[in-house]
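I would like to see how this sequence folds:
(one chain, ligands or ions: 2)
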Amino acid sequence: MRASGAAIRVIVVGLGVWSGLSLVGLPDLAEAGSPGSKPPNVIVELGKQLFERKWIANDPRCHNGDGLGPVFNEASCVACHNLGGVGGAGSNARNVVIVAPITTGRLGIEGTQAEQARRLAEIVKFETGFPVAGSVVLHKAGTRPAYDVWKTWLLAKEFPMFTLRKSERNTPSLFGTGLIDALPDSVLEEVERRQTAIDSEISGRVCRLKDGRIGRFGWKAQIPSLEEFVLTACSVELGLEVPGHHQSIDPSSSLKSKTQGQVAELDLTSGDCVALVSYIRSLPTPVQIEPVSRAVSEKWLEGGALFKSIGCATCHLPTLGNIDGIYSDLLLHDLGPANSDSGAYYSEPIEERSDLVVASAAPADSNLEKGASKPKPVIGAESVEWRTPPLWGLRDTAPYLHNGGAKTLEDAIAQHRGEGSGAAARFARLSGMEQGKIRGFLMSLAAPSPSGPRTDQ
Ligand code: HEC
Ligand code: HEC
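Ligands and ions are numbered 1, 2, ... in the order given. A predicted model of the protein is given here:
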């Protein structure tokens, strides 16, 4: 088989082939065009320009690189991150589509789960040109017309050995992510210990990555640092080649073209990347808006107290480490099969290691998992597990949940199952007036420069 033995390079949302280098330590930081010696405000301003810039194919501003693409989801960061201001959340029209191969069982793939996953990835690569081990971004567009043809073919074709399970990811807001980045791992581990010790209905866990680090960004907590997420976003969302992280490849061209394997020139220098990360770090933290009256202020206080008393605050912790008002523990929680989704994020073929249990991308009903009573994975997030999203800025982040599936706050709460079902049931039993107080409180949490009228106080 053509693909067998070959290393399978996979482009995964939020996780790619990142070398683990620190940006600050990259050697070409001092190169021409780098902002290395410029004052911080100038660097942040350059980062803002890069965040808002609409890139084009063969962009002359991309040094020697090929600019936007070969595959991309939008032409700029701000195209998705814009609700409540530049850097905010995104509408469902901007959702990122990911696919995971699920075996149909007609193949009879033998062996352990890790071996099955590797075999399946090889078959997918062989049949589609699409490199898959876990969940892979299915890009919205490509710079070559052949990409559209391939994508139409892929989505229409029925494969005998696997189906491609499609999922979506809604764009989260970036306000306050600098604080999350600075939080020590020990804070998350301490919350994990506390929740496990209490042994109630809720036991969140940190997302451990293959290299032992702890993830904290992304809906699956799959990325450990802001810097890595930003670089991943450059390469995955925009198709920009950045230091240590390759731009996503065009799977349609990888089927036959010789361009695969060629090293692309950098689209952004490490200096550009430092600027972009500095800008995101400099974004302000969400705020609580001013109440219009004392009565409103009291309503919010009561709403906040109710939020705690029915158990929302066990996961949506008001304070985490030194971050006040985040309303998250940044831990993974099982929200039940109704919220399950292609789960695992890997950048390499999954290695068979007897000492590790690795999260599976397959949903609970897949044949890969049938009959197995699975221990919780040590690595990665299970398909039913999600990172508790911070609720700060909530007023400006609808639609809600990982796939943008909840238009309203009430929808989002009602969809809490698994570890969240107790709190959701207690919310449902509150009176309309009490629910209104919680709504009032949560909707007072807004983007830093909120836009639009404030009529529902
Ligand atoms: C096509 C829409 C889209 C574009 C364009 C986009 N993003 Fe995102 N962004 C997302 C989605 C969706 C997620 C959540 C992904 C996940 O969790 O799997 C995300 C998550 C992030 C996060 C992690 C936030 C958190 O709290 O977990 C950062 C940081 C980020 N994006 C930065 C950027 C930067 C920088 C750019 C431009 C280089 C960019 N994004 C371009 C859609 C987009
Ligand atoms: C067991 C932990 C847990 C509890 C308890 C919990 N949540 Fe959540 N909450 C989550 C997780 C995890 C998600 C993300 C689920 C997803 O994206 O599918 C979430 C998502 C949300 C969202 C959507 C946020 C966004 O940005 O999309 C809102 C709003 C919310 N919760 C409010 C509440 C309220 C109100 C309560 C109490 C009734 C509550 N939650 C109880 C874990 C919890």
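
taking the stretch 151-300 of the chain, what residue is nearest to ligand 2?
The nearest approach of the stretch 151-300 of the chain to ligand 2 comes at I202, 4.8 Å away (C-beta to the nearest ligand atom). For every residue, glycine as well, the C-beta is placed using N, CA and C.

quick one: that residue and G418 touch, right?
No - counting by C-beta atoms under 8 Å, I202 does not reach G418; the two are 9.6 Å apart.

which strands and helices lie in contact with the one helix or strand F307 maps to?
Using DSSP states H and E, F307 sits within helix 294-309. If you count contacts as 3 or more C-beta pairs under 8 Å, 6 or more residues apart in numbering; DSSP states H and E, helix 294-309 packs onto helix 432-442.

what helices or strands is the helix or strand just after the helix it packs on leaning on?
Downstream of helix 432-442, the first helix or strand assigned by DSSP H and E is strand 445-446. Judged by 3+ C-beta pairs under 8 Å, 6+ apart, strand 445-446 is in contact with strand 287-288.

re the thing from before, tally of neighbours for the residue of the stretch 151-300 of the chain closest to ligand 2?
Neighbours of I202 under the rule other C-beta atoms under 10 Å: 20.

all the strands of the stretch 1-150 of the chain, residue numbers only.
Taking DSSP state E, counting those that start in this stretch as the criterion, the stretch 1-150 of the chain carries its strands at 71-72, 96-103, 136-137, 141-142.

for T112, find the nearest of these.
Closest approach to T112 among these (C-beta to C-beta): strand 96-103, 14.0 Å.

starting from that closest one, tell me which strands it pairs with and how they run.
If you go by DSSP bridges, strand 96-103 pairs up with strand 136-137 (antiparallel), strand 162-169 (antiparallel).

is ligand 1 contacted by it?
Yes - judged by C-beta under 6 Å from any ligand atom, strand 96-103 comes into contact with ligand 1 at V96.

interface residues of the protein facing ligand 2?
That would be 202, 219, 310-312, 314-316, 333, 335, 339, 386, 388-389, 391, 394, 397, 400-402, 409, 412-413, 416, 419-420, 423-424, 427, which are the residues of the chain within reach of ligand 2 (C-beta under 6 Å from any ligand atom).

which residues does the helix holding F307 contact?
288, 291, 313, 316, 318, 430, 434, 436-442, 444, 457 (C-beta atoms under 8 Å, 6 or more residues apart in numbering).

now do 10 Å
For helix 294-309, the external contacting residues (C-beta atoms under 10 Å, 6 or more residues apart in numbering) are 288-291, 293, 312-314, 316, 318, 327, 391, 423, 426-427, 430, 433-445, 457.

mind listing what's buried in it?
For helix 294-309, a neighbour-count test (16 or more other C-beta atoms under 10 Å) marks 299-300, 302-304, 306-307 as buried.

need those residues in CSV (columns: distance to D181).
Shown next, in CSV, are these (distance: C-beta to C-beta, whole Å):
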residue, distance to D181
K299, 34
W300, 29
E302, 33
G303, 30
G304, 26
L306, 31
F307, 26
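
look at the residue of the stretch 151-300 of the chain closest to ligand 2 and give its secondary structure.
Of the three states, I202 takes coil according to DSSP: H, G, I helix; E, B strand; the rest coil.

might one say that it is in contact with G422?
Yes - using C-beta atoms under 10 Å, I202 makes contact with G422 at a distance of 7.9 Å.

anything in contact with each of those two?
311, 314.

now do the helices in the stretch 301-450 of the chain.
Taking DSSP state H, counting those that start in this stretch as the criterion, the stretch 301-450 of the chain contains helices spanning 409-414, 421-429, 432-442.

filter the residues of the chain next to ligand 2 by proximity to ligand 1?
Restricting the residues of the chain next to ligand 2 to those near ligand 1 - C-beta under 6 Å from any ligand atom - leaves W219.

now, which of the residues of the chain next to ligand 2 lie within strands?
333, 386 (DSSP state E).

could you tell me the end-to-end distance of stretch 304-324?
As for stretch 304-324, its first-to-last residue distance stands at 14 Å under the measure C-alpha to C-alpha, to the nearest Å.
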